[in-house]
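Q: take this sequence and fold it.
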Amino acid sequence: MTALVPGGNAPVATGSIRVDVVYAPLPGADIDVSAFALLSSGKVKNDSAMCFYGQPNILAGAVQLIDASTGRASFTVDLSRLADEVDKVALTATIHENKANFERVSSLVVTLSGGIESRISTTGMTETALILGEFYRRQGQWKYRCVAQGFAGGLAPLATHFGVEIADTPAPAAAPAPQPAPAPQVAPVPKPTVSLSKVTLDKSRSSISLEKSASGFGLIKVNLNWNQRKSGGFFARSKSIDLDVGCLFEMQDGHKGVVQALGNAFGSLSEEPYVQLMGDDRTGSVTDGEWIHINGQQWSRIRRILVYAFIYDGAPNWAETDGVVTIFIPGQPEIEVRLNEEGGRLGCCAIALLENDNGAVKVTRRVDFHKSQAPMDKAYNWGMRWSAGSK
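A: Got it, this is the predicted structure:
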């Protein structure tokens, strides 16, 4: 095992390398580990060069975040698949929302397959962002260097250092002043941006908990959208996909039920279940898809909600739907779950489970498939009785 101290480097094999970042978790604070693919300028080319929890696969899979569990983050970096313009791949760690600094992280170790390890001392580190190390080209060969360089302010200044402009960081307002007529100028090249206001739940990061603010959760919106497709051959009758959203709900008092278009069970926002389906798009042509609204001011009365989609008519398989569910909660990051698994010919997909976790909204990705709502109900121990319905 080759042990690297800050500034130390070692050659690495050109090919696929696994990187494991293992750290002591911080109570009440999440640590996010990211990777940046950099040009010779030390900057990213565009937002597709940042691999993080919201974008775990970049550069056609050359860099992938494969595990983001508590206390560990793992990447695969295939150096042989990187374009010639990529000069470095930097590994970073940041403490979410600057809730602590790295001095509180008692252990932090980066291990590379092939026998390279760097134990980073965090003693006295007041920073909330850290460049752990970097892969870099030197005379046609790849090496790895332990960097251990800190940044105050968290992910935003760190991303800016690499040429990424954080989309949800407002620019400071300029003082008003009279301006002379400007000379013609070449339009500036826009900086690459990446939005940190979206969280994508996948196999590497399957859940997130959102704490209630002083004003409560407000109106929680759940959107199902998908691509309209046609099935059948040249002489077959054209048929549009009808992919519907619905949910099972359970109240704190044990009352259970369903909200869906099938059976005209549209629910209500002003009374139990405080969940309402806002229409039914039978064609997939409505650009913003279908919506379920949840009265977040009544979240304390709700125990859990299972959001699902089912194929009512026309879709031969789930892969053709290209479906995505997005959850919007005021003052919170958007939460996205993609239906990116095949599902076979099963007609119902349990997508996301929303649970009341001591007042917080805990969202967990599911994306498991069932023949219909009844076997899905059984799998999640809802215990309702089902009969055939229509819409």
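
Q: pLDDT weak spots in the stretch 101-250 of the chain?
A: The stretch 101-250 of the chain contains residues with pLDDT under 70 at 152, 165-198, 204, 227-241.

Q: which stretches of it form helices?
A: Assigned by DSSP state H, counting those that start in this stretch, the stretch 101-250 of the chain shows helices spanning 155-161.

Q: can you pull out the strands in it?
A: For the stretch 101-250 of the chain, the strands defined by DSSP state E, counting those that start in this stretch cover 108-112, 116-119, 129-138, 141-151, 165-166, 193-194, 198-200, 207-210, 219-225, 242-251.

Q: what lines up beside the first one in the sheet?
A: Neighbouring strands of strand 108-112 in its sheet, by DSSP bridges, are strand 16-23 (antiparallel), strand 116-119 (antiparallel).

Q: tell me which residues in the longest one are buried?
A: If I follow you right, that is strand 16-23. By 16 or more other CB atoms under 10 Å, the buried positions in strand 16-23 come out as I17, V19, D20, V21, Y23. Every C-beta, even on glycine, is put in place using the N, C-alpha and C of the backbone.

Q: do the same with stretch 210-221
A: Buried residues in stretch 210-221, counted by 16+ other CB under 10 Å: L210, K212, F217, G218, I220, K221.

Q: show residues contacting that stretch.
A: Stretch 210-221 is contacted by residues 291-297, 299, 327-332, 359-363 when judged by CB atoms under 8 Å, 6 or more residues apart in numbering.

Q: returning to what we had before: could you dump the strands paired with strand 108-112 into TSV and include distance to S268?
A: As requested, those are exported to TSV (distance: least, CB to CB, whole Å):
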stretch	distance to S268
strand 16-23	46
strand 116-119	57
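
Q: out of those strands, which gets nearest to D242?
A: Ranking the strands paired with strand 108-112 by proximity to D242 (CB to CB) places strand 16-23 first, at 42.3 Å.

Q: return the distance of the closest one from the chain's centre.
A: 20 Å (CA atoms, centre = their mean, to the nearest Å).

Q: which elements pack onto the helix or strand following that strand?
A: Downstream of strand 16-23, the first helix or strand assigned by DSSP states H and E is strand 31-38. With contacts taken as 3 or more CB pairs under 8 Å, 6 or more residues apart in numbering; DSSP states H and E, strand 31-38 sits against strand 50-51, strand 63-67, strand 72-78, strand 88-95, helix 155-161.

Q: that older thread, nearest to R138 among the buried residues of strand 16-23?
A: Nearest member of those to R138, counting by CB to CB, is I17, at 16.0 Å.

Q: spatially, which residue comes closest to the closest one, not counting chain neighbours?
A: V77 (5.1 Å; CB to CB, 6 or more residues apart in numbering).

Q: who's in contact with the one you found?
A: Here V77 is in contact with S16, I17, V19, A35, A62, V63, V89, F135 (criterion: CB under 8 Å, 6+ apart).

Q: again, but for E85
A: Contacts of E85 by CB under 8 Å, 6+ apart are L39, S40, K45.

Q: quick check on those: which are buried?
A: Buried by 16+ other CB under 10 Å: K45, out of the contacts of E85.

Q: redo the contacts of E85 as JSON lines? Include distance to A319 and pLDDT.
A: Supplementary listing: the contacts of E85 in JSON lines, determined by distance: CB to CB, whole Å; pLDDT from 0 to 100:
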{"residue": "L39", "distance to A319": "35", "pLDDT": "91"}
{"residue": "S40", "distance to A319": "39", "pLDDT": "87"}
{"residue": "K45", "distance to A319": "30", "pLDDT": "88"}
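
Q: give the bridge partners for R18, please.
A: R18 has these beta-bridge partners by DSSP bridges: T76.

Q: on that earlier part again, go through the helices and strands packed on strand 31-38 and name the closest to G344.
A: strand 63-67 (25.0 Å).

Q: mind listing residues that contact the closest one?
A: Strand 63-67 is touched from outside by 33-35, 37, 51-53, 56-58, 73-78, 89, 204, with contacts defined as CB under 8 Å, 6+ apart.

Q: and if you look at stretch 246-257?
A: 222, 258-262, 265, 272-273, 275, 277, 292, 300-310, 356, 373, 376-377, 380, 382-384.

Q: may I see the buried residues of that stretch?
A: G246, C247, L248, F249, E250, M251, G257.

Q: and the third one, how close does it get to L306?
A: What it means is L248. For L248, the distance to L306 equals 4 Å [CB to CB, to the nearest Å].
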